[in-house]
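Asks: Here is a sequence with its predicted model. Questions after.
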Amino acid sequence: MTKKEKDILVKLLEKLSAQNLLIPNMPLDVWYAINRILPLPAVEVIVSTNGKDFLLTKRKDKFWDGWHIPGGFLMRKETLEKACNRVAKKETGMTVMFKKLIGVHVWTDHPYANSLSLICYCTAKSRLKKGRFFTKIPVNIVPHHSEFIGKFLSVNSGDCS
């Protein structure tokens with residue numbers, strides 16, 4: 001990369017910030033390009049009512065068709081608590097209470113990102129609008145999500161409070 005190319009790249013990245021084109025407002029093609037070269041943190045929001053059940057939502061896009069844990073990438077200067085609430089609200093319609101971080105997973109095989117998942121245990125603060133609570137892991141689930149739920153269920157024999 002030449003000095004001129006580096007200068008152009010720096011100016012374009014500064015422009016993204018100045019125009020508030022950061023996550024979630026970033027143009028998708030730019031986000032994919034950045035995500036291929038930098039590990040970005042994401043939250044996986046495991047919501048439970050009793051430490052033995054867990055909430056899943058349906059997802060259907062070009063990367064997955066089936067059940068998954070609500071999740072999303074952290075925004076700039078966002079706390080885990082705020083990220084979990086933003087994701088839960090968007091994907092389930094509910095607000096949640098962050099309890100604790102129960103694991104970290106580096107996705108070396110993620111279909112479109114180089115992400116670092118922060119697996120968060122939360123409890124529901126409002127009523128569920130979308131999704132379903134399970135006590136057994138369904139077959140049609142994002143493969144790593146079954147691992148995350150298994151870890152959640154095994155922590156303190158399901159008592160993660």
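Replies: Received it, and whenever you're ready, just let me know what you need.

Asks: mind listing what's buried in the longest helix seen in the chain?
Replies: Secondary structure of the chain per DSSP state H: the longest helix is helix 3-18. By 16 or more other CB atoms under 10 Å, the buried positions in helix 3-18 come out as residue 16. All C-beta spots, glycine's among them, are computed from the backbone N, C-alpha and C.

Asks: ditto for stretch 99-119
Replies: For stretch 99-119, burial by neighbour count (16+ other CB under 10 Å) applies to 99, 102, 103, 105, 110, 113, 115, 116, 117, 118, 119.

Asks: Could you export the helix or strand containing the third one as PDB, CA atoms only?
Replies: For residue 103, the element it lies in under DSSP states H and E is strand 96-106. Once side chains and other backbone atoms are set aside, the C-alpha atoms of strand 96-106 remain, and they are given as PDB (Å, rounded to 0.1, in the frame of the first residue of the first chain):
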ATOM      1  CA  VAL A  96     -33.600  -7.700  29.500                       C
ATOM      2  CA  MET A  97     -31.400  -7.500  32.600                       C
ATOM      3  CA  PHE A  98     -27.700  -8.300  32.000                       C
ATOM      4  CA  LYS A  99     -26.600 -10.800  34.600                       C
ATOM      5  CA  LYS A 100     -23.100 -11.900  33.600                       C
ATOM      6  CA  LEU A 101     -20.700 -12.800  30.800                       C
ATOM      7  CA  ILE A 102     -20.500 -16.600  30.700                       C
ATOM      8  CA  GLY A 103     -18.100 -17.200  27.800                       C
ATOM      9  CA  VAL A 104     -16.200 -15.900  24.800                       C
ATOM     10  CA  HIS A 105     -15.900 -17.600  21.400                       C
ATOM     11  CA  VAL A 106     -13.700 -16.700  18.500                       C
END
